[in-house]
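Asker: Quick one: sequence and predicted model below, then my questions.
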Amino acid sequence: QVQLVESGGGLVQPGASLRLSCTATGRAFSSYAIGWFRQAPGKEREFVATITTASTPSYNLGLVKYRFTISRDNADNTVSLQMNNLQPDDTAIYYCGASLRGGGNHASYAYWGQGTQVTVSS
């Protein structure tokens, strides 16, 4: 089992950057793909990015448009999401999840953190 905790959210102005972290405790973190999803009020949870156990990333390019970078450090049990040029549409609660299969379908993720709020507003 894996426990996940997100951090790094906050209130920023349009064009700013944030770095989110997903820190895991428990066994075999390196065996799980880790994904970032987000959910805005009144909307469904949507895929942002994921990274495999071999550190291969994939993105929802239509959403992040090359502004976000996902990375992992298995030694620290951490996956990070660097977000640049944030826009008001990026406002959401950001969640990380752990999956043995990975991919962009949130149903594939068995473990979730509690989320971290990102608000982009002038």
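Answerer: That came through fine.
Asker: pretty sure Leu11 contacts Ser122?
Answerer: No. Under the criterion of CB atoms under 8 Å, Leu11 makes no contact with Ser122, lying 10.6 Å away. Any C-beta I mention is one placed from the backbone N, CA and C, and that applies to glycine too.
Asker: Would you mind telling me which of those two has the busier surroundings?
Answerer: Using other CB atoms under 10 Å, the more surrounded residue of Leu11 and Ser122 is Leu11, with 12 against 7.
Asker: List the contacts of the nearest residue to the more buried one once chain neighbours are set aside.
Answerer: Using CB to CB, 6 or more residues apart in numbering and skipping residues adjacent in sequence, the residue nearest Leu11 is Thr119, 4.6 Å away. Thr119 makes contact with 9-12, 91, according to CB atoms under 8 Å, 6 or more residues apart in numbering.
Asker: how near is the spatially most central residue of the chain to Thr25?
Answerer: Nearest to the geometric centre of the chain sits Trp36, at 2.5 Å (CA atoms, centre = their mean). According to CB to CB, to the nearest Å, Trp36 stands 18 Å off from Thr25.
Asker: and what of Ile34?
Answerer: Separation of Ile34 from Thr25 (CB to CB): 13 Å.
Asker: out of those two, which sits in the busier spot?
Answerer: Ile34 (28 against 11).
Asker: quick one: pLDDT of the more buried one?
Answerer: At Ile34, the model reports a pLDDT of 97.
Asker: swap in Arg27?
Answerer: 73.
Asker: The one 4 residues further on now?
Answerer: In the prediction, the pLDDT value recorded for Ser31 is 92.
Asker: From Leu20, how far off is it?
Answerer: Distance, Ser31 to Leu20, using CB to CB: 22 Å.
Asker: who does whichever strand or helix holds Leu11 touch, helix- and strand-wise?
Answerer: Per DSSP states H and E: Leu11 is located in strand 10-12. Other helices and strands packing on strand 10-12, by 3 or more CB pairs under 8 Å, 6 or more residues apart in numbering; DSSP states H and E, are strand 116-120.
Asker: Counting by contacts, list what the helix or strand of the chain with the lowest mean pLDDT packs against.
Answerer: Ranked by mean pLDDT, DSSP states H and E, the weakest helix or strand in the chain is helix 61-64, scoring a mean of 89. For helix 61-64, the packing partners by 3+ CB pairs under 8 Å, 6+ apart come out as strand 46-51.
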